[in-house]
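J.: Need the 3D shape of this:
(chains A and B)
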There are 2 protein chains.
Amino acid sequence: MKKINVLKPVLVSNKQRAQENRKIFDNMGSLVINIIASPGAGKTSVIEKIARYFKKTLNLLIIEGDIRGQVDSKRLAKLGVDVVQINTLTACHLDAFMTAQVLPQIKKKYDLILVENVGNLVCPAEFEIGEDYKLAILSTPEGDDKPLKYPLLFHLARVVIINKSDLLPFVDFSNETAKNNIRRENSKAKIFEVSAKTGDGFDDLYLFLEKELNEKKKKGKNKG
Amino acid sequence: MKKINVLKPVLVSNKQRAQENRKIFDNMGSLVINIIASPGAGKTSVIEKIARYFKKTLNLLIIEGDIRGQVDSKRLAKLGVDVVQINTLTACHLDAFMTAQVLPQIKKKYDLILVENVGNLVCPAEFEIGEDYKLAILSTPEGDDKPLKYPLLFHLARVVIINKSDLLPFVDFSNETAKNNIRRENSKAKIFEVSAKTGDGFDDLYLFLEKELNEKKKKGKNKG
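T.: Numbering: from 1, shown residues only, chains lettered A, B, ... in the order given. Below is the predicted model:
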């Protein structure tokens, strides 16, 4: 596990740098998913589940974004997958420049790169990093109105995971209302209802990711 | 209820503008609390409880910060207290300039001004708005490690509320670990464990706020 401290870069050409990152990831045939959620929504737990499922059949890299510390990357490294820590110091999000600093460390072709962004529903949505797409996680204790209050992320996310379904009996959260609110921002989002604690709902997510990985592989071959 | 759309102002002198706001609030004798938490941690619910308790004996104003929409300010206005909505549009936090735009609308002396910042543990902590102090809310489903991962807010907050104690049996959260993690960042923070759903723990918070309000009133009188 490596650790990189990154100062906040100039914002003006983030989009351009993201496009360059994307090209590099595409050439490696890596499916890159930018995972964005509130603090405590379950980003790390969802990544753990996905990593456990795929680690024997795929080359997997996790890029772990935190303001400070390595709590999550130490936890994820225990799974035996490659983890790179980015500490953003004061920035509330990853960006394409920080992500670019990881590239020289990438020594093999990863099939899947999961990026855990800083816990935040606002700023991380504004900065592309070179991902194939954004995956948003909304947890049931946060409330089903959040897509209306933090619209950009839900507007941009290709996949939305509703996590902590095990807490549904104890919190004021309606899956239907949440899904309607997500659909208002984004009629095409693929929505999964899961519990990272019990494992419920993950089979559908794995199936979806397997299809995406195959698509990405095909595209890579057609290109080459 | 009024609505103000605010564009992102120049950052350079936010601190100076915050000091000016603070002076104006001090002259009115208003205790101003800047409430910061993740999306869904229970900011609005905690404010509802406080507003219900104090609205008959105090002049109370709620400043409601959201990127977009008026979901929470409509909810709070039902309590019969004064509410001003600030829509930050793209900014992930309130700042002193946005707050200053509320000042011309203040036509009476408010004893207590509760400011609900945008749901976010990072950026709102970086921008003073002219508050007496920051109040952070951490909810049990978020996990007890959050003070370590979002240290600035917990370092700066005079008061930390641990909310959703009713969910303790169903989530992996230790009050002791959380409190130790908060104390690591801030040995002087006043910590309250509450449930905005059941009302547990609020009596201590009310008592604390009553003392603070009396202190503020005394200071105002000594000044005048």
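
J.: hey, what's the nearest residue to A:Leu213 once chain neighbours are set aside bridged with?
T.: Of all residues not flanking A:Leu213 in the chain, A:Leu31 sits nearest, at 5.6 Å (CB to CB, 6 or more residues apart in numbering or on different chains). C-beta here means a position set from N, CA and C on the backbone, and glycine is covered the same way. Taking DSSP bridges as the rule, A:Leu31 bridges to A:Leu112.

J.: Against chain B, how distant is A:Leu31?
T.: Distance check for A:Leu31 against chain B: by CB to the nearest CB, to the nearest Å, it reads 27 Å.

J.: so how many other residues sit close to that residue?
T.: 24 (other CB atoms under 10 Å in any protein chain shown).

J.: Look up the pLDDT of it for me, please.
T.: For A:Leu31, the model assigns a pLDDT of 97.

J.: Could you do A:Cys123 as well?
T.: The model's pLDDT for A:Cys123 equals 90.

J.: host element of the closest residue to it other than its chain neighbours?
T.: Among residues not flanking A:Cys123 along the chain, A:His93 sits closest, at 3.9 Å (CB to CB, 6+ apart). Assessed by DSSP states H and E, A:His93 sits outside every helix and strand.

J.: do the same with A:Ile50
T.: helix A:43-54.

J.: Please save the CA atoms from that helix in CSV.
T.: Presented in CSV, the C-alpha positions along helix A:43-54 are these (Å, rounded to 0.1, in the frame of the first residue of the first chain):
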residue,chain,number,x,y,z
LYS,A,43,-18.6,3.1,0.4
THR,A,44,-15.8,1.0,2.0
SER,A,45,-18.2,-1.8,2.9
VAL,A,46,-19.6,-2.0,-0.6
ILE,A,47,-16.1,-2.0,-2.1
GLU,A,48,-15.1,-4.8,0.3
LYS,A,49,-18.0,-6.9,-0.9
ILE,A,50,-17.2,-6.3,-4.6
ALA,A,51,-13.4,-6.9,-4.0
ARG,A,52,-14.1,-10.2,-2.2
TYR,A,53,-16.3,-11.4,-5.1
PHE,A,54,-14.0,-10.5,-7.9
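
J.: In the sheet, which residues pair with the residue sitting nearest the centre point of chain A? Tell me.
T.: Centroid-nearest residue in chain A: A:Ile35, 1.6 Å away (criterion: CA atoms, centre = their mean). Bridge pairing for A:Ile35 (DSSP bridges) gives the partners A:Glu116, A:Leu135.

J.: Please report the distance of it from chain B.
T.: Taking CB to the nearest CB, one finds A:Ile35 at 15 Å from chain B.

J.: Looks like that residue contacts A:Lys43 (just checking).
T.: Yes - between A:Ile35 and A:Lys43 there is a contact under CB atoms under 8 Å: 5.4 Å.

J.: Strands of chain A, start to end?
T.: A:2-5, A:31-37, A:60-66, A:82-87, A:112-116, A:133-139, A:159-163, A:190-193 (DSSP state E).

J.: would you list those strands in CSV and tack on distance to B:Phe208?
T.: Below are those laid out as CSV (distance: least, CB to CB, whole Å):
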stretch, distance to B:Phe208
strand A:2-5, 39
strand A:31-37, 32
strand A:60-66, 32
strand A:82-87, 35
strand A:112-116, 37
strand A:133-139, 30
strand A:159-163, 34
strand A:190-193, 40
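
J.: Nearest to B:Leu61 among those would be which one?
T.: strand A:133-139 (30.9 Å; CB to CB).

J.: in chain A, which helix has the most residues?
T.: When chain A is parsed with DSSP state H, its longest helix is helix A:202-223.

J.: Tell me, how many residues neighbour A:Thr90?
T.: 12.

J.: Report pLDDT for it.
T.: 77.

J.: before we move on, what about the one 5 residues further on?
T.: In this model, A:Asp95 is scored at 91, pLDDT.

J.: Now do the shared contacts for A:Ile35 and A:Lys43.
T.: Common contacts of A:Ile35 and A:Lys43 (CB atoms under 8 Å, 6 or more residues apart in numbering or on different chains): A:116-117, A:137.

J.: List the contacts of A:Pro169.
T.: Here A:Pro169 is in contact with no residue (CB under 8 Å, 6+ apart).

J.: A:Ala41 versus that one, what's the distance?
T.: Distance, A:Pro169 to A:Ala41, by CB to CB, to the nearest Å: 19 Å.

J.: now A:Thr177
T.: 17 Å.
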